[in-house]
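A.B. asks: my questions concern the predicted model and sequence given below.
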Amino acid sequence: MGKIRVLVAKPGLDGHDRGAKIVARALRDAGMEVIYSGLHQTADQIITTAIQEDVHVIGLSLLSGAHMTLFVDVATLAKKHDLQNVLIIGGGIIPEDDIPALKKAGISAVFGPGTPVEKIVEYIETYVKR
Amino acid sequence: MKTVEQQILAGDQQAIARLITAVENNSPVAIDVMRSLHRHTGHAHIIGVTGVMGGGKSSLIYKLSSVMRKKGLKIGIIAIDPTSPFTGGALLGDRIRMGELSDDPDVFIRSMGTRGMLGGLSGAVYDVIEILDAAGKDVILIETVGVGQAEVDIVKVADTTIVLLVPGLGDSIQTIKAGLMEIADIFVVNKADKPGADQTVAELESFLDVYAPTVSQRKPVIVSTSVKENMGFEDLHEQIQLHYMFLQKNEKVVEKRKIRYEVVLVEIIRKRLMGLIYDQKRLTQTVDQLVSDVVQRKLDPYTAADTIFSSLIK
Ligand SMILES: Nc1nc2c(ncn2[C@@H]2O[C@H](COP(=O)(O)OP(=O)(O)OP(=O)(O)O)[C@@H](O)[C@H]2O)c(=O)[nH]1
Ligand SMILES: [Mg+2]
């Protein structure tokens, strides 16, 4: 079986990618191939990258609070491009109340600040579709 | 319904991406598609970019691609980063530098881990070149892993090899592994906005004065670039074209590609042999037993290898 490929992307305007980088390294150390796309990605860029890189997982990280639009944009575009086998997960400061709506939009899981990285690794290994 | 072959020829990004994954995973289905794609290849100019770690290879590919896009060229980019030999994981970060290229429909970027290959490339890179070529790319740019040792295999793959250096290496033109200096068709001194660039160019020139090119048979040229100041990339593109014209005029493209396809054949055979040795349960046990025998001095490694070979031929 092939390796799990993960795109770690930061949509939107906030410039803090420490968290994203820590997650990216942890996933690498768990044996995954991690494509890190850098800051300020648009939903279009994220989806095109996910297609070209043929990833199993898109991990979105956002601290700016714009997740209700940006996460949902990515999930909607993923559906439009038939990426229903791609697991989309999100991380950042996300109020409990927003989670049901995000899940409904197609974000499989949401990880708040301080989530141990092992938990994210385990989630991906359990739910990835290959 | 289109066949996979037809989808690739039409440049369908999803089909290209999935076929690349399949060749990376050595899937038998992919091999049949690869067989049918080969006759559609041979059009793309293959350009290798190698050089010091963090020297600006990805940034240079971005700037150069922007120049090429303005001229209407379709581009494939293969960016290779090291796979950890311990975990098998890899952090593929070259896309960070690729800006708006990342959703240009005529640019296809693929990041790859080395997955155990030495030499700065990935084992699947040859197939990925064929796929992008068949998909109609005019230019295929390959970024090797940052050079530490003698990661010079790119020269056997690329038509044109760019070696990237940066100012302030001090005496290190001398200390850079001889192999790296010998493979360049074009030297780029990037980060020319930094102090010491002129000195690096001068050192390179004096190095080239006493150096008779072996691999390329043409004296390498030197181009200064700065990603920061967006300078030198038109010039670089022109030098790349001049080199390609040199190759074409002297039938050297054929020579270059003979070198590449010889590597390709050896690689296919190597993969099959390794498959024969490690995929069959029976032989895996044999190998295991033989290795133990070698450790216990019951057998020497050569005799053990003879045993494996004769059971392969049977
Ligand atoms: N001042 C200056 N900085 C540059 C230039 N080109 C690249 N850089 C910077 O150098 C750093 C490394 O650039 P990359 O393009 O990632 O280099 P690379 O060779 O691809 O790196 P690896 O793939 O990690 O080996 C980045 O911080 C760039 O912004 C340049 O011309 N001038
Ligand atoms: Mg790079």
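C.D. replies: Received the coordinates, thanks. Numbering: from 1, shown residues only, chains lettered A, B, ... in the order given. Ligands and ions are numbered 1, 2, ... in the order given.
A.B. asks: by contact count, what packs against the helix ranked longest in chain A?
C.D. replies: Taking DSSP state H as the criterion, chain A has its longest helix at helix A:67-80. Judged by 3 or more CB pairs under 8 Å, 6 or more residues apart in numbering or on different chains; DSSP states H and E, helix A:67-80 is in contact with helix A:43-53, strand A:57-62, strand A:87-92, helix A:99-105. Using the backbone N, CA and C atoms, a C-beta is placed for each residue, glycine as well.
A.B. asks: quick one, helices of the stretch 151-300 of chain B?
C.D. replies: With helices called from DSSP state H, counting those that start in this stretch, the stretch 151-300 of chain B shows them at B:172-175, B:178-182, B:197-209, B:233-249, B:252-279, B:281-295.
A.B. asks: and these as CSV, adding distance to A:Ala20, mean pLDDT and mean neighbour count?
C.D. replies: As requested, the helices of the stretch 151-300 of chain B are exported to CSV (distance: least, CB to CB, whole Å; pLDDT from 0 to 100; neighbours: other CB atoms under 10 Å in any protein chain shown):
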stretch, distance to A:Ala20, mean pLDDT, mean neighbour count
helix B:172-175, 34, 62, 12
helix B:178-182, 33, 76, 16
helix B:197-209, 34, 88, 16
helix B:233-249, 30, 96, 17
helix B:252-279, 35, 87, 13
helix B:281-295, 40, 85, 13
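A.B. asks: looking at the ones you listed, spot the one closest to A:Gly114.
C.D. replies: The minimum distance between A:Gly114 and these falls on helix B:252-279, with 42.8 Å, by CB to CB.
A.B. asks: just how off-centre is that closest one within its chain?
C.D. replies: 14 Å (CA atoms, centre = their mean, to the nearest Å).
A.B. asks: which helices and strands sit right next to that helix?
C.D. replies: Looks like helix B:252-279 contacts helix B:125-134, helix B:233-249, helix B:281-295, helix B:301-313 (3+ CB pairs under 8 Å, 6+ apart).
A.B. asks: with only the CA atoms kept, save the third one in CSV.
C.D. replies: Output of helix B:281-295 as CSV, limited to C-alpha atoms (Å, rounded to 0.1, in the frame of the first residue of the first chain):
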residue,chain,number,x,y,z
LYS,B,281,7.1,-15.3,0.2
ARG,B,282,9.2,-18.3,-0.5
LEU,B,283,12.2,-16.3,-1.5
THR,B,284,11.8,-13.8,1.4
GLN,B,285,12.3,-16.7,3.7
THR,B,286,15.2,-18.0,1.7
VAL,B,287,16.9,-14.5,1.9
ASP,B,288,16.3,-14.4,5.6
GLN,B,289,17.9,-17.8,6.1
LEU,B,290,20.8,-17.0,3.8
VAL,B,291,21.5,-13.7,5.7
SER,B,292,21.5,-15.6,9.0
ASP,B,293,23.9,-18.2,7.5
VAL,B,294,26.2,-15.3,6.4
VAL,B,295,26.2,-13.8,9.9
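A.B. asks: and that helix, what does it pack onto?
C.D. replies: If contacts are counted by 3+ CB pairs under 8 Å, 6+ apart, helix B:281-295 sits against helix B:252-279, helix B:301-313.
A.B. asks: next, the angle helix B:252-279 makes with it.
C.D. replies: 90 degrees (axes from the mean of the first three to the mean of the last three CA atoms, to 10 degrees).
A.B. asks: touching helix B:281-295 from outside, list them.
C.D. replies: With CB atoms under 8 Å, 6 or more residues apart in numbering or on different chains as the test, helix B:281-295 has contacts from B:276-278, B:299-301, B:304, B:307-308, B:311-312.
A.B. asks: what do you get for stretch A:92-103?
C.D. replies: The contact list for stretch A:92-103 (CB under 8 Å, 6+ apart) reads A:19, A:60-63, A:65, A:67-68, A:71-72, A:90, A:110, A:112-113.
A.B. asks: surely A:Leu70 and A:Gly12 touch.
C.D. replies: Yes: contact criterion CB atoms under 8 Å: A:Leu70 and A:Gly12 qualify, at 5.0 Å.
A.B. asks: what do the two both touch?
C.D. replies: Counting by CB under 8 Å, 6+ apart, the residues touching both A:Leu70 and A:Gly12 are A:Leu62.
A.B. asks: residue numbers of the stretch 1-150 of chain B in contact with ligand 2?
C.D. replies: B:57-58, B:94 (CB under 5 Å from the ion).
A.B. asks: as a markdown table, those with neighbour count and distance to B:Val210 would be great.
C.D. replies: Output for those, formatted as a markdown table (neighbours: other CB atoms under 10 Å in any protein chain shown; distance: CB to CB, whole Å):
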| residue | neighbour count | distance to B:Val210 |
| --- | --- | --- |
| B:Lys57 | 26 | 27 |
| B:Ser58 | 21 | 32 |
| B:Asp94 | 23 | 35 |
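A.B. asks: filter the residues you listed down to the ones close to ligand 1.
C.D. replies: Among those, the residues lying close to ligand 1 (CB under 6 Å from any ligand atom) are B:57-58, B:94.
A.B. asks: if we can go back for a sec, how about the helices and strands packed on helix B:281-295 in CSV, adding distance to ligand 2?
C.D. replies: Shown next, in CSV, are the helices and strands packed on helix B:281-295 (distance: least, CB to the ion, whole Å):
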stretch, distance to ligand 2
helix B:252-279, 23
helix B:301-313, 39
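A.B. asks: I'd like those helices written out as CSV, with distance to B:Met231 added.
C.D. replies: CSV is the format used below for those (distance: least, CB to CB, whole Å):
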stretch, distance to B:Met231
helix B:252-279, 30
helix B:301-313, 55
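A.B. asks: that older thread, can you dump the C-alpha coordinates of the longest helix of chain A into PDB?
C.D. replies: This file holds the C-alpha atoms of helix A:67-80, laid out as PDB (Å, rounded to 0.1, in the frame of the first residue of the first chain):
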ATOM      1  CA  HIS A  67     -13.200  29.400   9.400                       C
ATOM      2  CA  MET A  68     -16.900  29.500   8.800                       C
ATOM      3  CA  THR A  69     -16.300  30.900   5.300                       C
ATOM      4  CA  LEU A  70     -12.800  29.600   4.500                       C
ATOM      5  CA  PHE A  71     -13.200  26.000   5.700                       C
ATOM      6  CA  VAL A  72     -16.600  25.800   4.200                       C
ATOM      7  CA  ASP A  73     -15.300  27.200   0.800                       C
ATOM      8  CA  VAL A  74     -12.600  24.500   0.700                       C
ATOM      9  CA  ALA A  75     -15.100  21.700   1.500                       C
ATOM     10  CA  THR A  76     -17.600  22.900  -1.000                       C
ATOM     11  CA  LEU A  77     -15.000  23.200  -3.800                       C
ATOM     12  CA  ALA A  78     -13.700  19.700  -2.800                       C
ATOM     13  CA  LYS A  79     -17.200  18.300  -3.400                       C
ATOM     14  CA  LYS A  80     -17.400  20.100  -6.700                       C
END
